[in-house]
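> what's the 3D shape of this:
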Amino acid sequence: MNGTSPPRDRAAARERYTLTGPDGRPFGSPVPGQYGGNRATRVYGRLDCPAALRVLARGRYAANRVFFADEPAAVAAGFRPCARCLPGRYQAWKARQSQSSGEPAASSGTNRATASARSSHGAATGWL
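Okay, the predicted model is just below:
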């Protein structure tokens, strides 16, 4: 044996990671992605996101996990930023969504009257 691997093995080694492209289709890559996402929820975030790691640890989410080379690829594929690990980007995305739908942008604080009404309604109906 001459120490070289067959061409197919070298190609497989070069494309060790499967990433999702801007068109939403998977492709092989020699480098890992910078962002992870969930195909079912269409949310992307950092690979060290506490919310994603918590769900992965429970044994869920792995089947729907996708990876992106960069943030523009995730956005182009139709994913939104994670509110937990990318809060600034999530707020900007949320503001753009509300502007495009014609709704006023949500305030950053909690609406106490609404929260109180929900709590009262939940207690009255037995949902709490």
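> and residue 32, how many neighbours does it have?
Residue 32 has 13 neighbours, counted by other C-beta atoms under 10 Å. Yep, even glycine has a C-beta here, placed from its N, CA and C like the rest.
> what residues are bridge-paired with the residue lying closest to it once chain neighbours are set aside?
Spatially, and ignoring its direct neighbours in sequence, residue 32 is nearest to residue 17 (5.0 Å; C-beta to C-beta, 6 or more residues apart in numbering). With DSSP bridges as the criterion, residue 17 is bridged to residue 29.
> any idea how far residue 17 lies from residue 91?
Distance of residue 17 to residue 91, given as C-beta to C-beta, to the nearest Å: 30 Å.
> and residue 58, by the same measure?
27 Å.
> same thing with residue 71?
In terms of C-beta to C-beta, residue 71 sits 15 Å off from residue 91.
> now do the same contact list for the closest residue to residue 33 other than its chain neighbours.
Nearest non-adjacent residue to residue 33, counting by C-beta to C-beta, 6+ apart: residue 67, 3.3 Å away. Listed by C-beta atoms under 8 Å, 6 or more residues apart in numbering, the contact set of residue 67 reads 17-20, 32-33, 35-37.
> mark which of those residues are buried, thanks.
Among the contacts of residue 67, those scoring as buried are 19-20, 33, 35-37 (criterion: 16 or more other C-beta atoms under 10 Å).
> mind listing the helices for this protein?
For the chain, helices defined by DSSP state H occupy the ranges 7-14, 50-57, 71-76, 87-101, 112-125.
> pick out the shakiest of those helices, pLDDT-wise.
Ranked by mean pLDDT, the helices of the chain end with helix 112-125 at the bottom, a mean of 41.
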